[in-house]
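**Q** The following block contains a protein sequence and its predicted model.
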Amino acid sequence: MVKTNLKVKFGRRLRQIRRLKNLTQEQLAEATGISVEFVSNIERGINAPSFDTLEKLTEVLNVSCVDLFDFPDE
């Protein structure tokens with residue numbers, strides 16, 4: 001079994017929550033003040049957000065930080 005790294009798991013979870021909130025990557029990027037490219041890179045597990053960006057994501061998505069790290073597939 002291949003172990004998925006934390007950035008990939010986080011990115012999948014962020015994408016899932018963003019879609020549940022009916023937001024596009026563009027809308028999320030604009031609301032959080034980060035680039036669309038960075039949102040895409042986070043969701044694909046290429047980049048990880050800073051603590052400041054995490055706080056912005058939780059505010060915009062109206063979720064707790066714990067929700068972003070809740071990986072129900074495991």
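**A** That came in fine, so what should we check first?
**Q** Any chance of the backbone angles for residue 14?
**A** Main-chain torsions, residue 14, degrees, to the nearest 10: phi -60, psi -50.
**Q** Determine the number of other residues adjacent to it.
**A** The burial count assigned to residue 14 is 21, neighbours taken as other C-beta atoms under 10 Å. C-beta: built from backbone N, CA, C; applies to glycine.
**Q** And residue 55, how close does it get to residue 4?
**A** Counting by C-beta to C-beta, to the nearest Å, the gap between residue 55 and residue 4 amounts to 25 Å.
**Q** Next up, the contacts around the nearest residue to residue 25 once chain neighbours are set aside.
**A** Excluding the flanking residues, the one nearest residue 25 by C-beta to C-beta, 6 or more residues apart in numbering is residue 39, at 4.6 Å. Contact analysis of residue 39 by C-beta atoms under 8 Å, 6 or more residues apart in numbering lists 25, 28, 29, 32.
**Q** Next, the buried residues of the helix or strand containing residue 39.
**A** Assigned by DSSP states H and E, residue 39 belongs to helix 36-43. Residues 38, 39, 41, 42, 43 are the ones in helix 36-43 that count as buried (16 or more other C-beta atoms under 10 Å).
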